[in-house]
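Enquirer: fold the following, please.
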Amino acid sequence: MRESTGRTRRGILAGAGAAVTASLAGCSGLPFGDDEPTVTGEQLSAVLDEEAPAIPDRLPVGMGRSYLDEVASELESALASVPAPFDAAQIPNGAIRDQLNHESETARETLAGAGEEPAPWERAGSLRRARQEMGFVVGGWTAIDDDRTIPDVREDGEVIRGELDTFRRRWAYLGTDTIEAVVVNSAIAGLVRACIGDLNHVLSVRERDSTTVLDVAEADERLASARGELRDAAHLLDRLRERDGVRDRRDALAAAADALVDRVDERRPAAGFDEGVFTAEADREATPAERALRDLRDDIRRGDIGETRDAGAFPQAIVEAHNALATIGAVETLRARIDAGEAINPASVEDVDTIRTRAREALVAVHADGAYPRLDRLQTHRLAAVLGYVDDELSHFDADDEFALSRLNWELRDYVRIEAVARSVGDASAAVARALERE
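Expert: Okay, the predicted model is just below:
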C-alpha cells in the first residue's frame, strides 16, 4: 500500500527539526502504577482550550492568484479527463482499481482544499500535492487505456530535465533587498532540489518483465511532482524579476554566508556536545527539558553549513545558519533552566498546562513582536505547525480516558522544545540581519 502523499505528522515535525513523537492513538486504558500521577482526557481537553496560533507559511514575494487559479483549472481538467471512479469493466484488477480510485478521490479532496489555504505559498503547496496525486491517477489510467510505458515516462522526464537546465542558467539570487533575496531564493532552491530528486527517480526507472500499471503510475506521480516544482520555481523567479528595485544580491549573500558560517562555528561550543549523555535508564527519568536539550544538541551536530556555502547555495546556507543559531540559543536557554533547577518535572495536569502555555505564549510573542518578521517566519510557521500537531494528538483521548502522565513524556518534550526555540528566534534573526546589512 502506498503511503499517503498528504501532510503527515512526520513531515511536519521533520520540517521543524523536531524528533517524531510517539502516537497517542489507541492508548486509552494504559496501565499505570499506584503512585504514578495520572491525567484524564477531559483534563487534557481543558489544557488545549486555547488554540495554537495560526502562522501560515508566506513569502515576501507571493505566488500570483491568477497563476494559482490557472494551475487549479489545469488540474481539474486533468482529473476530469479520466473516467474515475473506475468500475470493474474498466479495470478488472480489483487491487489496481481500488488504488486508482483512492488516489483519484484524494487528489480531488486535495485540490478542493487548496482554495482554503490561508496564504498563496501554502495554496501552491497543496496544488503541488494535488498534481502529484493526479499524476498517479492519470498515469495509471493511461497505462491501461493507451499502453503508456516506463520509457514514455522517462522520455517526458528528459524534456523536463532540459527545462530545468534552462531555468538554472537564468536563475540569479535576485531581491529588492537581501532579506527578500534570502527567503525567496531559499524557497526556489527547495523547489529545484525537490525537482532534481523526482527527476532522478523518473530517469532511473527501467522497464522490467514485472512492471505493472502501478509502476507506471508511480513514475508518472514523480514526473508530475517534478513538473509542478519546476513550474512554481520559474513563477517565483519571474515574480522577483518584475519587482521595482530588484537586483542581483549574490555578492551580498555570499559575504553574509561567510560571516554566518563563522558565527555558527563560534557559537557551537556553547551547545556543550559532551554533556548530557543519556542511557536508557536516564532517559526514562529525564524531564521534558532534558529530553528536548538532548534532541537540540543532536540537531546541531547534523549538517554542514560550510559545505552548503562552499557549493554556492548562499540562501540555503543563510537559512541553515538561522536555524543553527536559534537551536544553539534554545540549548543555552534549556541548560540554564535545568542548571537552576527550574525545569518542570510534570506531576500534575497543571504542569502540563504550564508547559504547553509557555510554548504557545513564546511563539505568539515572537510572531507578534519580532523585529525581523520575514526572517522569524523561517522558524515560526514550522513551530506553529508542530504545536498544532501535538495538540491534535493530545485531543484524541475520550473524556473518560485515564492514563499515566508519563505517557505524555515525548509530547511535553516537543512543547518545551517549541518554547526554547521560539525564545531564540529573535536573536537568530537579528544576527542574520546584521550579516545581510553589511553589503
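Enquirer: could you pull out the strands for the stretch 51-200 of the chain?
Expert: 174-175 (DSSP state E, counting those that start in this stretch).
Enquirer: so, low pLDDT: which residues of it?
Expert: The stretch 51-200 of the chain contains no residues with pLDDT under 70.
Enquirer: for the particular helix or strand that has Glu419 in it, name the packing helices and strands.
Expert: For Glu419, the host element (DSSP states H and E) is helix 409-436. Packing partners of helix 409-436 (3 or more CB pairs under 8 Å, 6 or more residues apart in numbering; DSSP states H and E): helix 178-204, helix 250-267, helix 288-301, helix 314-339, helix 349-369, helix 373-394. Where you see a C-beta, it was placed from the backbone N, CA and C, and this is true even at glycine.
Enquirer: out of those, which is closest to Ile55?
Expert: Comparing these by their distance to Ile55 (CB to CB), the top pick is helix 373-394, with 3.9 Å.
Enquirer: return the set of buried residues in stretch 84-94.
Expert: The neighbour-count check on stretch 84-94 (16 or more other CB atoms under 10 Å) flags 84, 86, 91 as buried.
Enquirer: hmm, Val213 is touching Gly140, no?
Expert: Yes. Using CB atoms under 8 Å, Val213 is in contact with Gly140, at 5.3 Å.
Enquirer: list residues touching both of the two?
Expert: Residues touching both Val213 and Gly140 (CB atoms under 8 Å, 6 or more residues apart in numbering): Ile96.
Enquirer: which of the two has more neighbours?
Expert: Gly140 (29 against 19; other CB atoms under 10 Å).
Enquirer: how near is that one to Ile91?
Expert: As judged by CB to CB, to the nearest Å, Gly140 and Ile91 stand 9 Å apart.
Enquirer: what's the answer for Trp410, then?
Expert: Trp410 is 43 Å from Ile91, by CB to CB.
Enquirer: before we move on, what about Trp171?
Expert: 42 Å.
Enquirer: check Gly370 too.
Expert: Distance from Gly370 to Ile91, counting by CB to CB: 53 Å.
Enquirer: what strand or helix carries the nearest residue to Ile160 once chain neighbours are set aside?
Expert: Leaving out its chain neighbours, the residue that sits closest to Ile160 by CB to CB, 6 or more residues apart in numbering is Ala226, at 5.4 Å. Taking DSSP H and E as the criterion, Ala226 maps to helix 213-241.
Enquirer: domain ranges for the chain?
Expert: Structural domains assigned to the chain are 9-57+250-436, 65-242, following automatic domain parsing.
Enquirer: OK, contacts around Glu163?
Expert: The neighbours of Glu163, taking CB under 8 Å, 6+ apart as the test, are Leu230.
Enquirer: coming back round to it: who touches both of Gly140 and Ile91?
Expert: Residues touching both Gly140 and Ile91 (CB under 8 Å, 6+ apart) are Leu100.
Enquirer: tabulate the CA atom coordinates of stretch 374-383 in PDB.
Expert: Listed next in PDB are the C-alpha coordinates belonging to stretch 374-383 (Å, rounded to 0.1, in the frame of the first residue of the first chain):
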ATOM      1  CA  ARG A 374      10.400  37.800   7.300                       C
ATOM      2  CA  LEU A 375      13.300  36.000   9.000                       C
ATOM      3  CA  ASP A 376      11.300  35.000  12.000                       C
ATOM      4  CA  ARG A 377       8.800  33.200   9.800                       C
ATOM      5  CA  LEU A 378      11.600  30.800   8.700                       C
ATOM      6  CA  GLN A 379      11.000  29.200  12.100                       C
ATOM      7  CA  THR A 380       7.700  30.400  13.500                       C
ATOM      8  CA  HIS A 381       5.400  28.800  10.900                       C
ATOM      9  CA  ARG A 382       7.100  25.400  11.400                       C
ATOM     10  CA  LEU A 383       6.900  25.700  15.200                       C
END
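Enquirer: now for Glu332: which residues touch it?
Expert: 270, 424.
Enquirer: what pairs with Gly39 across the strands?
Expert: Not quite, residue 39 is Val, not Gly. Phe403 (DSSP bridges).
Enquirer: the closest residue to Asp156 other than its chain neighbours and Ala72: what is the separation?
Expert: Nearest non-adjacent residue to Asp156, counting by CB to CB, 6+ apart: Leu223, 5.9 Å away. Leu223 is 19 Å from Ala72, where distance means CB to CB.
Enquirer: higher neighbour count, those two?
Expert: Neighbour totals were compared for Leu223 and Ala72, and Leu223 leads with 26 against 19 (other CB under 10 Å).
Enquirer: ok, that one - contacts?
Expert: Residues near Leu223 by CB under 8 Å, 6+ apart: 135, 139, 153, 156-157, 160, 198, 202.
Enquirer: spatially, which two of the residues you listed are the most separated?
Expert: Pairwise distances across these (CB to CB) peak at 14.3 Å, for the pair Gly139 and Ile160.
Enquirer: mind checking which of these two has more residues around it?
Expert: In this view Gly139 and Ile160 are compared by other CB under 10 Å, and Gly139 has more residues nearby, 29 against 20.
Enquirer: save the helices and strands packed on helix 409-436 as TSV, and put in distance to Glu437 too.
Expert: Shown next, in TSV, are those (distance: least, CB to CB, whole Å):
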stretch	distance to Glu437
helix 178-204	7
helix 250-267	9
helix 288-301	25
helix 314-339	13
helix 349-369	20
helix 373-394	12
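Enquirer: weakest of the ones you listed in terms of mean pLDDT?
Expert: In terms of mean pLDDT, the lowest-scoring of the helices and strands packed on helix 409-436 is helix 288-301 (a mean of 92).
Enquirer: after it comes which helix or strand?
Expert: Per DSSP H and E, the first helix or strand lying C-terminal to helix 288-301 is helix 305-310.
Enquirer: now do that following helix: distance to the chain's middle.
Expert: Relative to its parent chain, helix 305-310 has a centroid offset of 21 Å by CA atoms, centre = their mean, to the nearest Å.
Enquirer: ok, how many other residues are close to Ser348?
Expert: Neighbours of Ser348 under the rule other CB under 10 Å: 13.
Enquirer: identify the residues contacting it.
Expert: Contacts for Ser348 (CB under 8 Å, 6+ apart) come out as 37, 405.
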